[in-house]
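Undergrad: this one's sequence-less:
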């Protein structure tokens, strides 16, 4: 059974939140990665196009914010 694109929000831009987002975007889903007040440095780097500091992967295929 095939499903359409889902809009998914992941709260937390740490290692786990970002890791969850990768297979979702790889499968065509729309992902919004929302960082908490603890994720400010990570969010700034991801929005600037740098890879996640711990995972060393780029997340350019989805939206990243702190709100």
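TA: The structure has been received and is ready for your questions. None of these values were measured; they are calculated from a predicted model. Numbering: from 1, shown residues only.
Undergrad: when you work out contacts or count neighbours from here on, use the C-alpha atoms and nothing else.
TA: OK.
Undergrad: chain center to the lengthiest helix in the chain, what's the gap?
TA: In the chain, assigned by DSSP state H, the helix with the most residues is helix 15-26. For helix 15-26, the separation from the chain centroid amounts to 6 Å (computed by CA atoms, centre = their mean, to the nearest Å).
Undergrad: partner strands of the helix or strand following that helix, with direction?
TA: Per DSSP states H and E, the first helix or strand lying C-terminal to helix 15-26 is strand 30-34. Its sheet considered, strand 30-34 pairs with strand 7-11 (parallel), strand 63-65 (parallel) by DSSP bridges.
Undergrad: pLDDT weak spots in this protein?
TA: Low-confidence segments of the chain, defined by pLDDT under 70: 1-2, 60-62, 66-67.
Undergrad: name the nearest residue to residue 8, ignoring sequence neighbours.
TA: In space, residue 8 comes closest to residue 31 once its chain neighbours are excluded; the distance is 4.8 Å by CA to CA, 6 or more residues apart in numbering.
Undergrad: the one you found touches residue 25, doesn't it?
TA: Yes - using CA atoms under 8 Å, residue 31 is in contact with residue 25, at 6.5 Å.
Undergrad: leaving out the residues flanking it, which one is nearest to residue 6?
TA: According to CA to CA, 6+ apart, the nearest residue to residue 6 is residue 29 (5.1 Å).
Undergrad: what about the one you found, how many neighbours?
TA: Counted with other CA atoms under 10 Å, residues neighbouring residue 29 total 18.
Undergrad: what sits against it?
TA: The neighbourhood of residue 29, defined by CA atoms under 8 Å, 6 or more residues apart in numbering, consists of 5-8.
Undergrad: neighbours of the residue lying closest to residue 19 once chain neighbours are set aside, how many?
TA: Sequence neighbours aside, residue 55 is the residue nearest to residue 19 in space, at 7.9 Å (criterion: CA to CA, 6+ apart). Applying other CA under 10 Å, we find 12 residues neighbouring residue 55.
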